[in-house]
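Asks: mind folding the following:
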Amino acid sequence: MVPAVLPSIWLGYASVAAGGAVFNDVHLNGVDLKGRVSLPAAFRQTIDIRSGSPKVASGLGRTLRMTFNAALKCIEVSDGLQIAETEEQMNAHAVRVSEQTGELVGDVLDRLEAETYPLMKDVNFDTAGRMVLPDRLRAKAQIGNDAFFVGRGRRFRIWSPEVLRAAAGGESGDVLEEMEDLLAKRKERG
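Replies: Residues are numbered from 1 along each chain as shown. Take a look at the predicted model:
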């Protein structure tokens with residue numbers, strides 16, 4: 001349920017939803033030996049809608065930016081719209097810090113960018129949604145034969161089912177239940 005009056009913290013996110021196009025639901029897809037996996041069709045549809053935003057740079061429609069979440073041990077994924085929103089937020093934050101400290105905006109941005117971008121990987125997917133998970137990210141997230149996709153609104157996560165089971169507070173109990181159901185159904189099909 002959405003409150004009648006949104007707290008000011010939520011106002012900055014109102015435009016991020018791109019008319020309600022957010023990453024939701026959970027999906028389980030197999031990963032082959034080369035690290036290829038299919039992006040869930042529902043996520044591809046969301047990306048197509050979100051990439052129509054004027055904020056998204058030309059050519060970023062089929063590009064995902066991935067990074068390893070060290071605290072959760074999963075892969076965090078942003079699409080072109082979230083990439084643009086992150087850049088806007090970093091610039092605004094740099095201006096605020098500059099105003100408070102007298103530091104040059106460029107210096108603040110340099111520091112923020114150094115903390116944010118070096119270990120991110122850009123991954124492209126084809127029209128069928130096939131993509132290759134970067135080896136380093138896949139190894140760090142311990143993703144083997146299965147990739148469990150979890151919609152998180154503006155972003156999504158890719159988990160190893162085994163790691164998610166062990167992650168305290170990584171996702172809700174209902175999400176874990178959904179994952180176990182999907183794994184059981186896959187096992188039944190053989």
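Asks: going by C-alpha atoms from here, please, whenever you check contacts or count neighbours.
Replies: OK.
Asks: which parts of stretch 93-110 are buried?
Replies: Neighbour-count burial for stretch 93-110 flags 93-95, 97-98, 105, 108-109 (criterion: 16 or more other C-alpha atoms under 10 Å).
Asks: show me these that map onto helices.
Replies: Cross-referencing these against helices under DSSP state H gives 93-95, 97-98, 105, 108-109.
Asks: Throw the residues you listed into JSON lines and include distance to Lys140 and pLDDT, thanks.
Replies: Formatted as JSON lines, those follow (distance: C-alpha to C-alpha, whole Å; pLDDT from 0 to 100):
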{"residue": "His93", "distance to Lys140": "30", "pLDDT": "93"}
{"residue": "Ala94", "distance to Lys140": "31", "pLDDT": "93"}
{"residue": "Val95", "distance to Lys140": "34", "pLDDT": "94"}
{"residue": "Val97", "distance to Lys140": "33", "pLDDT": "93"}
{"residue": "Ser98", "distance to Lys140": "35", "pLDDT": "93"}
{"residue": "Val105", "distance to Lys140": "34", "pLDDT": "93"}
{"residue": "Val108", "distance to Lys140": "29", "pLDDT": "91"}
{"residue": "Leu109", "distance to Lys140": "28", "pLDDT": "92"}
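Asks: out of these, which comes closest to Leu176?
Replies: Comparing these against Leu176 with C-alpha to C-alpha places His93 closest, at 35.0 Å.
Asks: give me the distance between the closest one and Val56.
Replies: Distance, His93 to Val56, by C-alpha to C-alpha, to the nearest Å: 20 Å.
Asks: ditto for Asp32
Replies: The gap separating Asp32 from Val56 is 31 Å, by C-alpha to C-alpha.
Asks: re earlier: format the ones in helices among the buried residues of stretch 93-110 as TSV; extra columns: distance to Phe148.
Replies: Formatted as TSV, those follow (distance: C-alpha to C-alpha, whole Å):
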residue	distance to Phe148
His93	33
Ala94	35
Val95	38
Val97	38
Ser98	41
Val105	39
Val108	36
Leu109	34
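Asks: Gln142: which of those is nearest?
Replies: Leu109 (32.3 Å).
Asks: many thanks, have a good one.
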